[in-house]
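>>> I would like the atomic coordinates for the input below:
(one chain, ligands or ions: 2)
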Amino acid sequence: MPDDRRLANAIRALSMDAVEAANSGHPGMPMGMADAATALFTRHLKYDAADPKWPDRDRFILSAGHGSMLIYALLYLTGYEHPTLDEIKRFRKLGSPTAGHPENFELAGVEVTTGPLGQGLAMAVGMAIAERHLNATYGDDLVDHHTYVIAGDGCLMEGVNHEAVGLAGHLKLGRLIVLWDDNRITIDGSTDLSRTEDVLARHQACGWHTVECDGLDADEVGRAIDEAKADDRPSLIRCRTIIGYGAPNKQGTAATHGAALGKDEVEAARTELGLEPKEFTVPDDILQAWREAGRRGAAAHAEWRKRLDGSDNKQAFEAQLAGKPDDSWLRPFVEKAISDGGSVATRKSSELALEAINAAVPWTIGGSADLTGSNNTKTKALQPLDPSNYGGRYIYYGIREFGMAAAMNGMALHGGVIPYGGTFLVFTDYARPAIRLSALQKAKVIYVMTHDSIGLGEDGPTHQPIEHLQSLRAMPGLDVYRPADIVETAECWALALASEEPSVLALTRQNLPLVRDWDEGENFSARGAYRLRAASEPRKVILIATGSEVEIALGVADKLEDAGIGADVVSMPCTERFDAQPQDYREDILPDVSNREILRVSIEAGTTFGWERYTGLHGLRIGIDRFGVSAPAKDAYDYFGITPDKIYDRVVDFMKQRGFQ
Ligand SMILES: Cc1ncc(C[n+]2csc(CCOP(=O)(O)OP(=O)(O)O)c2C)c(N)n1
Ligand SMILES: [Mg+2]
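Ligands and ions are numbered 1, 2, ... in the order given. Coordinates of the predicted model:
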């Protein structure tokens, strides 16, 4: 068996060669952490390179995603199908799975997409939560794994780290083990430039176990991992390393962080480390030893399969991991909502829908960032998920919007659970970097975002979303729903649960009447927009509204019809879905208006930016292009002119001025 240093040097060689070939990338981190990664992947990590998706594998997250060559080298060396050596040679080239930063949709073995510093570790917290939760249901026989993270100075400096570490300590996630690449270097130079805190003490204060080791000595790292595994708190292992280790003239400096070492330095490193003279070359005995390491878990994997096959829970376990939720709750819910009628806030409608959903889909895990009573996210039967009961299905995330969102990404990508979590819509800003990663990674996370407009009233402009809906709609791969009443709320929930992509539900604080008081057995919200009420008089106007403004649009339509001006009311709960409809459907709902025969009017209590997409440049856009006001909701709506009377006047004036017939 070759010694650990030679195994580690294969990682170093591939990393510096790939970065050199791409003339782009980050050799320093993989070269510094090669020994620690060797300890982890040859002795501790439970995985089977032949089946990267084995559900009870340990999860490994390279939070310091810029060091992507570390994981690409490990996956190749241990014998994953991808990346191949050829793909490593094409590091960072168009179409190669060895992308600049590790992307979960490119390579099995890359559990989450990392690169935005701090989020990998924060997602790992969610993975560790999901593991304990599933363990509570299925026991050690089926679910019994660790979550390992490699994090750099950057990951530990980011603000989200405070949220993630606090949450993990509170939940006593003892199977979460973070290896910190303590190389005292970031891009700008020494960490002395910007950090004086005692990182270990901070973790200890949050209820973590900490241990230190020489990160350049695989034995030492292995010993530290043993200690971490034995401790029932989450662990931070401080690995003292040297960035770019092995590059004799550049190691220990920021010069190795994010640039090719250069031909001469690569040659010098080959001599220093005793590597093969040729690039991308791994000696046979080293490759064989790595491949052996990649098969280490095969026996444990086979035993696990046997246990699964013999388990009474096999079907339930597989169904839960497949994650196709039951939607039989929807039709009876809609029928009852229509017969009950009445006025109810969509946040409350969401809670009512969740009562049905949480009973029908036992895989949901709800939560809120300290706004449970406002977001209406907790249904009656849900018990808190805490260290005394990991089987609980409700997480009190505390005031940690970003940490919550990142943890939900981790839970979703772990598999087996469908996380949903709430805060105020305006605070999607606090969670936004993680929402973006939900979308990029196709993590099935449902954001329950209440208090979705000036309709929240007295809390005023700090709390009233203006640009939020449109800015979220601008994000690719994210469905933004703004339902108008209880029926649409239930429909949107069903769509979010069925989707493989993340969703945002924007919900009101204020009560709304039932506007979809008819039922044709179809989920109309699935169309993204539909004709809620057709014009009676000859159609001259199409009012397009979302959420709480649909009620107002109906009031405007009444007045227009009274004046002999026919008006359709289109409810548009999800612009992304509407955009995906066939041309003839979109044309039917929003016919071409260039001839000025039909005026299209958008009504949404937020920015008008972007609504010309649906009104056309000749249309009228009703909204709010400034910050809100502190006032009761009714007064705020009146102040901004978003009432049936005021909109009616504007529509009629606009038609006169612009020469509509
Ligand atoms: C949120 C975020 N901010 C900034 C960056 C750009 N960036 C990439 S690596 C890095 C420095 C990280 O330092 P460290 O974690 O110590 O990595 P090392 O230099 O030791 O490899 C920065 C600022 C990023 N990727 N993500
Ligand atoms: Mg560093």
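
>>> in the stretch 551-661 of the chain, which ranges drop under the pLDDT threshold?
Applying pLDDT under 70 to the stretch 551-661 of the chain flags the ranges 593-595, 661.

>>> switch to 80 and redo it
Within the stretch 551-661 of the chain, the ranges that satisfy pLDDT under 80 run 592-596, 661.

>>> Now do the strands for it: every range, in order, please.
566-571, 599-603, 620-622 (DSSP state E, counting those that start in this stretch).

>>> With distance to ligand 2 and mean neighbour count added, can I get those strands in JSON lines?
C-betas here are computed from N, CA, C, even on glycine. Converted to JSON lines, the strands of the stretch 551-661 of the chain look like this (distance: least, C-beta to the ion, whole Å; neighbours: other C-beta atoms under 10 Å):
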{"stretch": "strand 566-571", "distance to ligand 2": "51", "mean neighbour count": "24"}
{"stretch": "strand 599-603", "distance to ligand 2": "49", "mean neighbour count": "25"}
{"stretch": "strand 620-622", "distance to ligand 2": "48", "mean neighbour count": "23"}
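
>>> Tabulate those strands in TSV, adding columns for distance to ligand 1.
Converted to TSV, the strands of the stretch 551-661 of the chain look like this (distance: least, C-beta to the nearest ligand atom, whole Å):
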stretch	distance to ligand 1
strand 566-571	38
strand 599-603	35
strand 620-622	35
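
>>> and the ones you listed as a markdown table, adding distance to residue 131?
Listed next are the strands of the stretch 551-661 of the chain as a markdown table, based on distance: least, C-beta to C-beta, whole Å:
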| stretch | distance to residue 131 |
| --- | --- |
| strand 566-571 | 41 |
| strand 599-603 | 46 |
| strand 620-622 | 48 |
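
>>> and the stretch 151-300 of the chain, which of its residues are near ligand 1?
Within the stretch 151-300 of the chain, the residues that sit near ligand 1 (C-beta under 6 Å from any ligand atom) are 152-155, 181, 183, 185-187, 243, 257.

>>> if you look at these, which of them are in helices?
153-155 (DSSP state H).

>>> Could you pull up phi and psi at residue 610?
phi 100, psi -20 (degrees, to the nearest 10).

>>> and the residue lying closest to it once chain neighbours are set aside, how many neighbours?
Distances taken as C-beta to C-beta, 6 or more residues apart in numbering place residue 470 nearest to residue 610, at 4.8 Å, with adjacent residues excluded. Look at residue 470: counted by other C-beta atoms under 10 Å, it has 20 neighbours.

>>> hang on, the earlier thing: any chance of the ones in helices among the residues of the stretch 151-300 of the chain next to ligand 1 in JSON lines with neighbour count and pLDDT as columns?
Formatted as JSON lines, these follow (neighbours: other C-beta atoms under 10 Å; pLDDT from 0 to 100):
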{"residue": "153", "neighbour count": "21", "pLDDT": "98"}
{"residue": "154", "neighbour count": "20", "pLDDT": "98"}
{"residue": "155", "neighbour count": "26", "pLDDT": "98"}
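
>>> how far away is residue 271 from ligand 2?
Noted for residue 271: a distance of 26 Å to ligand 2, by C-beta to the ion, to the nearest Å.

>>> quick one, what contacts that residue?
By C-beta atoms under 8 Å, 6 or more residues apart in numbering, the contact list for residue 271 is empty.

>>> Quick one: mean pLDDT for the strand or helix carrying the residue nearest to residue 610?
Secondary structure from DSSP states H and E places residue 470 in helix 468-473. Helix 468-473 shows a mean pLDDT of 98.

>>> For stretch 445-460, buried residues please.
Across stretch 445-460, burial judged by 16 or more other C-beta atoms under 10 Å covers 445-457.

>>> Between those, which sits nearest ligand 2?
Nearest to ligand 2 out of the buried residues of stretch 445-460 is residue 445 (C-beta to the ion; 29.7 Å).

>>> Test my guess that the closest one contacts residue 420.
Yes - Residue 445 sits in contact with residue 420 when judged by C-beta atoms under 8 Å, with a separation of 7.3 Å.

>>> that older thread, wait, doesn't the residue nearest to residue 610 sit right on residue 609?
Yes - counting by C-beta under 8 Å, residue 609 is a contact partner of residue 470 at 5.5 Å.

>>> Across the sheet, point out what pairs with residue 368.
Using DSSP bridges, the beta-bridge partners of residue 368 come out as residue 396, residue 422.

>>> Can you report phi and psi for residue 480?
phi -110, psi 120.

>>> can you pull the contacts of it?
469, 472-473, 503-504, 506, 574-576.

>>> Kindly indicate which of those lies nearest residue 405.
Nearest to residue 405 among the contacts of residue 480: residue 504, at 10.8 Å, using C-beta to C-beta.

>>> Let me know whether the closest one touches residue 478 as I believe.
Yes - assessed by C-beta under 8 Å, residue 504 is found in contact with residue 478 at 6.5 Å.

>>> what's the most distant pair in the buried residues of stretch 445-460?
Spatial extent of the buried residues of stretch 445-460 (C-beta to C-beta) is set by the pair 445 and 457 at 28.4 Å.

>>> what sits against the closest residue to residue 93 other than its chain neighbours?
Distances taken as C-beta to C-beta, 6+ apart place residue 22 nearest to residue 93, at 7.0 Å, with adjacent residues excluded. Counting by C-beta under 8 Å, 6+ apart, residue 22 touches 91-93, 260.

>>> Now the buried members of those.
Buried among the contacts of residue 22 (16+ other C-beta under 10 Å): 91-92, 260.
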